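Engineer: Got a predicted structure here, sequence first:
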Amino acid sequence: MSVTGRIERRFETLRREGRAAFVSFVTAGDPNLEQSEAILAGLPAAGVDIVELGMPFTDPMADGPAIQAAGLRALAAGQTMHRTLDMVRRFRQRDDETPIVLMGYYNPIYRYGVEAFLKDAVEAGVDGLIIVDLPAEEDAELCEPAIEAGIRFIRLLTPTTDDKRLERVLRNCSGFLYYVSVTGITGAASGARGAVDAARRRFAARTDLPVVVGFGIKTPERVAEIAAVADGAVVGTAIVDRIARNVGGDGRLSEGGVEDVLGFVASLAAGVRREEAAATATGGAR
Amino acid sequence: MNRPERPNSYRSLPDAEGHFGLFGGRYVAETLMPLILELEEAYAAARVDPAFKAEMDDLMRNYVGRPSPLYFAERLTEHYGGAKIYLKREELNHTGAHKINNCIGQILLARRMGKKRIIAETGAGQHGVATATVAARFGLECLIFMGETDIERQKPNVFRMNLLGAKVVPVHSGARTLKDAMNEALRDWVTNVESTYYLIGTAAGPHPYPAMVRDFQAVIGQETREQMLAAEGRLPDTLMACVGGGSNAIGLFHPFLDDEGVRMVAVEAAGHGVDTGQHAASITAGSLGVLHGNRTYLLQDDDGQILEAHSISAGLDYPGVGPEHGWLHDVGRVEYVSATDGEALDAFQTCCRLEGIIPALESSHALAHVAKVAPDLPKDHLIVVNLSGRGDKDIFTVADSLGVKI
């Protein structure tokens, strides 16, 4: 991975700033294309360092009720893979710095065609992929072609990933590592800070990749806490819940809804910029 | 379609990575991978352990009631006036379906692995009942995930599971049927990895489930082979079975796959018709995709979103099919056809009246295909139909379809 991309440049900048990354997750097309696009466009100004954009899927086996519902809202509003890539393409016309990572399940990509998908994703300005149901055992499917195409393949590591597996999991991982701090679905309770710290140190012994931590982080305080021990904190369910709270009976965000969501994101993003996070972040944000 | 090369044996798959040609694999979240590998290892050890086999054989004989009879259906044969029809009586097993065969195998494996909590998905409730049964027998905690729609149409089975001490967890997502129950079971498993054994009910899911479930169900075909040799002095000419996920079909077919003279026909649920968009015929009318841990034929739209299946039979109401079936279709070893709700209902009633056997609506799909082909076959043509379950659970659905209030 000698070529430097947006993800590497972003972590390099953060390292100089001495702080961890704030990573946000929203589902593309939730609750509809137009308003989802407005939220996406506002994320960098709200303090988001890396954007995770969910590709909706009817059967999200590793997601909790909030993200399941977000996917269904998006699909009901007509979201497709083409539309998701169009969102990225239009975002890139205004912002060529903020990394975008698409997150989801394999089937919609498989159906699109791996080769066509990678070509269109590169062209749209996608930086990385997180595909929940593609473990290292299936690397030939998408991971290897993606890396070849210049797209980072970001892997989920979990508390069940033992040392024996770690090697295999790390082999083709690029961009950053995503540590799922608890076993479970998205939106579940988060792991204890000490355990997160220990896990991060275990990974650090074997890879130079930054480690971001997600699953169950819902408040600025938790963001700050995780930012103190990791290279980044991911918030998904809490933001998606905030979107849901603003959706009216017509399936649209009510007046001021986009601003409310972005305000909430800004409050979470402030967590990585707190002193307590920065003071200890030197070990985290390498 | 480009037909894959004919293998030396149709019985040598999957490979080490769990692939049947293009099909199968292990498409699961990283959280589950260590567990899937552990399961694979445990199963590989168990299958060659004589003690495991002895315990399994004993339970199959004395608890399940095996071997199940191979019964010559004289009046159905007369009625259709052609081929000689035999029924493999899996509906006589304990709990009334073939599902128990697999459950016995997996519960013994779960116990070997030291798991204390059993989870399963169910559609018609047959697999849920069978799982609750073996969990009760071995004193293990049991949770059954079941779609709300299915809970509504299979109330007696829900009560059976409760009587057996299992907790039935209603699933509210999606169409609230089998697919959604499977999603929810996977979510539970991801959350409770250490304590929990996921007892999948059909020959689908991530490797090693498709192969393992097939092996546990292969007893159906092994017995049929011996029984037919004893009854007729030769192998059957045609095997027929319904296919949803496909465990009863693969169980009957697998021991015969390398017997060239044995024709095999699997019958999918055509629901209101395969052209209506309301069916569960994923091989007949679906396309390749990845869901629930394996690559197989799925009902999906152009964007790779999974479509809801429809069948009058809850046990076939699933938008995918086991990976080995996808492969057997592509290599041309097994024929895949379909029968509609109406055809299954007709066959259901014919079987009740002529044989005094109330078949499951699932199995009635296989009987419906017999009705189509048996009359034109010679009288010495031997058909074996897998009567995979009994239909007592379906009488409310059938009454409803016939406009009868009970």
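Structural biologist: Noted; the coordinates are in hand.
Engineer: measure stretch B:106-123 end to end?
Structural biologist: End-to-end distance for stretch B:106-123: 19 Å, by Cα to Cα, to the nearest Å.
Engineer: For it, buried residues please.
Structural biologist: By neighbour count with 16 or more other Cβ atoms under 10 Å in any protein chain shown, stretch B:106-123 contains the buried residues B:106-112, B:115, B:117-123. Using the backbone N, CA and C atoms, a C-beta is placed for each residue, glycine as well.
Engineer: just so I have it, where are all the strands in chain A?
Structural biologist: A:21-27, A:50-54, A:100-104, A:128-131, A:152-153, A:155-157, A:177-180, A:211-214, A:232-235 (DSSP state E).
Engineer: can you tell if the last one touches chain B?
Structural biologist: No. Using Cβ under 8 Å from any Cβ of the partner chain, strand A:232-235 never reaches chain B; the gap is at least 15.4 Å.
Engineer: Does the residue nearest to B:N386 when sequence neighbours are not counted lie in a helix or a strand, and which?
Structural biologist: Nearest non-adjacent residue to B:N386, counting by Cβ to Cβ, 6 or more residues apart in numbering or on different chains: B:A241, 4.0 Å away. Element membership of B:A241, judged by DSSP states H and E, is strand B:238-242.
Engineer: Paired strands for that strand, with orientation please.
Structural biologist: strand B:263-271 (parallel), strand B:382-386 (parallel) (DSSP bridges).
Engineer: separation between B:R47 and chain A?
Structural biologist: Distance of B:R47 to chain A, computed by Cβ to the nearest Cβ, to the nearest Å: 21 Å.
Engineer: Read off the pLDDT value for that residue.
Structural biologist: pLDDT recorded at B:R47 is 96.
Engineer: go on, B:V193?
Structural biologist: 86.
Engineer: Kindly report the residues of the stretch 101-250 of chain B close to chain A.
Structural biologist: B:173-174, B:179, B:183, B:186-187, B:190-194.
Engineer: Can you check what pLDDT the model gives the residue most central in space within chain B?
Structural biologist: The structure's chain B has its C-alpha centroid closest to B:S247; by Cα atoms, centre = their mean the separation is 3.1 Å. For B:S247, the model assigns a pLDDT of 97.
Engineer: That one and B:Q217 touch, don't they?
Structural biologist: Yes. If you go by Cβ atoms under 8 Å, B:S247 and B:Q217 touch, sitting 5.1 Å apart.
Engineer: what is in contact with the two at once?
Structural biologist: B:98, B:102, B:203 (Cβ atoms under 8 Å, 6 or more residues apart in numbering or on different chains).
Engineer: and which of those is nearest chain A?
Structural biologist: B:A203 (18.9 Å; Cβ to the nearest Cβ).
Engineer: before we move on, what SS does the closest one have?
Structural biologist: Look at B:A203: counting by DSSP: H, G, I helix; E, B strand; the rest coil, its state is coil.
Engineer: so who does it touch?
Structural biologist: B:209-210, B:213-214, B:217, B:245-247, B:250-251, B:322, B:324-325.
Engineer: before we move on, back to that, enumerate every residue touching the residue nearest to B:N386.
Structural biologist: Taking Cβ under 8 Å, 6+ apart as the definition, contacts of B:A241 comprise B:248-249, B:252-253, B:265-267, B:366, B:385-386, B:388.
Engineer: Apply 7 Å and report the result again.
Structural biologist: B:248-249, B:252, B:266, B:366, B:386, B:388 (Cβ atoms under 7 Å, 6 or more residues apart in numbering or on different chains).
Engineer: Pull out the buried residues from stretch B:172-188.
Structural biologist: Judged by neighbour count using 16+ other Cβ under 10 Å, the buried positions of stretch B:172-188 are B:173-188.
Engineer: for stretch B:390-405, same thing?
Structural biologist: By neighbour count with 16+ other Cβ under 10 Å, stretch B:390-405 contains the buried residues B:390-391, B:393-395, B:397-398, B:401.
Engineer: Just give the nearest non-adjacent residue to the closest residue to chain B within the stretch 101-250 of chain A, would you?
Structural biologist: Nearest residue of the stretch 101-250 of chain A to chain B, counting by Cβ to the nearest Cβ: A:R111, 3.1 Å away. Once flanking residues are discounted, A:R111 sits nearest to B:G304: 3.1 Å by Cβ to Cβ, 6+ apart.
Engineer: Assess the claim that that neighbour and A:Y106 are in contact.
Structural biologist: No. Using Cβ atoms under 7 Å, B:G304 and A:Y106 do not qualify as a contacting pair, with a distance of 8.7 Å.
Engineer: How many residues are close by the nearest residue to A:F57 once chain neighbours are set aside?
Structural biologist: Sequence neighbours aside, A:Y105 is the residue nearest to A:F57 in space, at 4.4 Å (criterion: Cβ to Cβ, 6+ apart). The number of residues packed near A:Y105 is 27, by other Cβ atoms under 10 Å in any protein chain shown.
Engineer: Let me see the contact set for A:Y105.
Structural biologist: So A:Y105 contacts A:57, A:60, A:131-133 (Cβ under 7 Å, 6+ apart).
Engineer: ditto for A:V169
Structural biologist: Here A:V169 is in contact with A:136, A:155, A:157, A:161, B:30 (criterion: Cβ under 7 Å, 6+ apart).
Engineer: Surely the second one is in contact with A:F176?
Structural biologist: In this case it means A:R155. No. Look at A:R155 against A:F176 with Cβ under 7 Å: they stay out of range, at 9.3 Å.
Engineer: and which of the residues of the stretch 101-250 of chain B next to chain A is nearest to B:G332?
Structural biologist: B:G332 lies nearest to B:K179 out of those, by Cβ to Cβ, at 28.1 Å.
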